[in-house]
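Engineer: sequence? don't have it. structure:
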């Protein structure tokens, strides 16, 4: 397609139709702005949250969006599948962020990763979130509904009856002693 208006029209049509390969091909002849827009759309629409290629792609694009939140267009049925992917790959995502961003950017992204993990119902999610929070130097908090680090390894909002347990108390005391 030689005419730039027709290229933009073709690109729009490919994106609306979710023809990702064709959109990438067309955008490769249109410059970095269009290529970035299409790469971002492909990452958000074709890859699960927690997928390392998705995270790396969005990090390289300096995307303003939250890496670890579902887009509004996702079905709630797919949400579990996407958050399970994040739980399975949180360590790799943390390493990717630490290795590829400046310290100030990394702190924000690690906070977002911790928040995404903390609000997940998976039993291992609070411990993973707390590890992320400790990586950026967060302190323990007093018991409030908005707090995210009351006892290490537990979520006091989702596990109201069981969050106080001997292991969590012991881990919190060890951390308090170290600090």
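Structural biologist: Yep, that arrived. Here the structure is a predicted model, which is why all the values come from computation and not from measurement.
Engineer: just the helices in this protein please.
Structural biologist: 4-16, 20-27, 32-46, 52-60, 76-88, 90-100, 103-118, 125-135, 166-178 (DSSP state H).
Engineer: lowest-confidence stretch among these?
Structural biologist: Among the helices of the chain, helix 76-88 carries the lowest mean pLDDT, a mean of 66.
Engineer: now do the contacts for the closest residue in space to residue 57 that isn't next to it in sequence.
Structural biologist: Nearest residue to residue 57, sequence neighbours excluded (CB to CB, 6 or more residues apart in numbering): residue 43, at 4.4 Å. Just so you know, the C-beta spots here come from the backbone N, C-alpha and C atoms, and that holds for glycine as well. The neighbours of residue 43, taking CB atoms under 8 Å, 6 or more residues apart in numbering as the test, are 53, 54, 57, 58, 61.
Engineer: contacting residues for the residue found closest to residue 164 once you drop the neighbours it is linked to in the chain?
Structural biologist: Leaving out its chain neighbours, the residue that sits closest to residue 164 by CB to CB, 6+ apart is residue 151, at 6.6 Å. Counting by CB under 8 Å, 6+ apart, residue 151 touches 163, 164, 168, 169, 171, 172.
Engineer: run the chain-centre distance for stretch 84-94.
Structural biologist: 9 Å (CA atoms, centre = their mean, to the nearest Å).
Engineer: buried set for it?
Structural biologist: Neighbour counts over stretch 84-94 (16 or more other CB atoms under 10 Å) mark 85, 86, 87, 89, 90, 93, 94 as buried.
Engineer: and those residues as a markdown table, adding distance to residue 133?
Structural biologist: Shown next, in a markdown table, are the buried residues of stretch 84-94 (distance: CB to CB, whole Å):
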| residue | distance to residue 133 |
| --- | --- |
| 85 | 21 |
| 86 | 16 |
| 87 | 16 |
| 89 | 18 |
| 90 | 12 |
| 93 | 15 |
| 94 | 11 |
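Engineer: correct me, but residue 28 touches residue 22?
Structural biologist: No: using CB atoms under 8 Å, residue 28 is not in contact with residue 22, being 10.8 Å away.
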